[in-house]
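sequence and computational prediction follow.
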Amino acid sequence: MMDPKKNPLPREIAPGIFWLGACHEQHHWGKVFHSYNAAFLLVGSEGSMLIETGHQGDFPVVSQQVRDILAKRGSTLKHLFLTHQETPHAGGIGRMLEAYPDMTVHCDISDYHLSFPEEAHRLKNMEIGDTIALGDRQFTAVEPVIR
């Protein structure tokens, strides 16, 4: 288990919204540089949504954080939203699909069926303005700042 002093995540940044992941230390010429690939968990009264999976190397940390929070909140992971296919954002999609067989994936799904043809029925295209209800809250896809 990670030392919470070195990795203060997960962190509840607003009621029911958790910042997940871990700090990555990169050593270069005697200096330490910190970076991260964040994922977020949105917990609703009728299910939860993971936003991004983080890098595939983050999967053990992120998946444990998700399990711990869902267990404490008595919630289930129903949805995964991915902003785009870059590895630091979607690197854990395959393992999340395997770990949560009832979860659906929402995003621009144009290429995901090529990597996960057996999961094509779980891939749901999501456009700007589309919403997903989670009970007492909803998630709305908005126009990206950078595309």
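Right, received. Where do you want to start?

helices of this protein, start to end?
Secondary structure of the chain (DSSP state H): helices at 59-73, 87-90, 93-99, 112-115.

what's the most buried one of those?
Here the criterion is mean neighbour count by mean count of other C-beta atoms under 10 Å, and of the helices of the chain the winner is helix 87-90, at a mean of 18. Using the backbone N, CA and C atoms, a C-beta is placed for each residue, glycine as well.

what mean pLDDT does that one have?
Taken as a whole, helix 87-90 has an average pLDDT of 65.

the nearest residue to residue 143 once chain neighbours are set aside and residue 27, how far apart?
In space, and not counting its chain neighbours, residue 143 is closest to residue 128: 5.1 Å by C-beta to C-beta, 6 or more residues apart in numbering. Plainly put, residue 128 is 40 Å away from residue 27 if you go by C-beta to C-beta, to the nearest Å.

wait, the residue nearest to residue 143 sits on residue 142?
Yes. With contact defined as C-beta atoms under 8 Å, residue 128 reaches residue 142; the gap is 6.4 Å.

between the helices of the chain, which one is closest to residue 80.
For the helices of the chain, proximity to residue 80 was assessed by C-beta to C-beta; helix 93-99 is nearest, at 5.8 Å.
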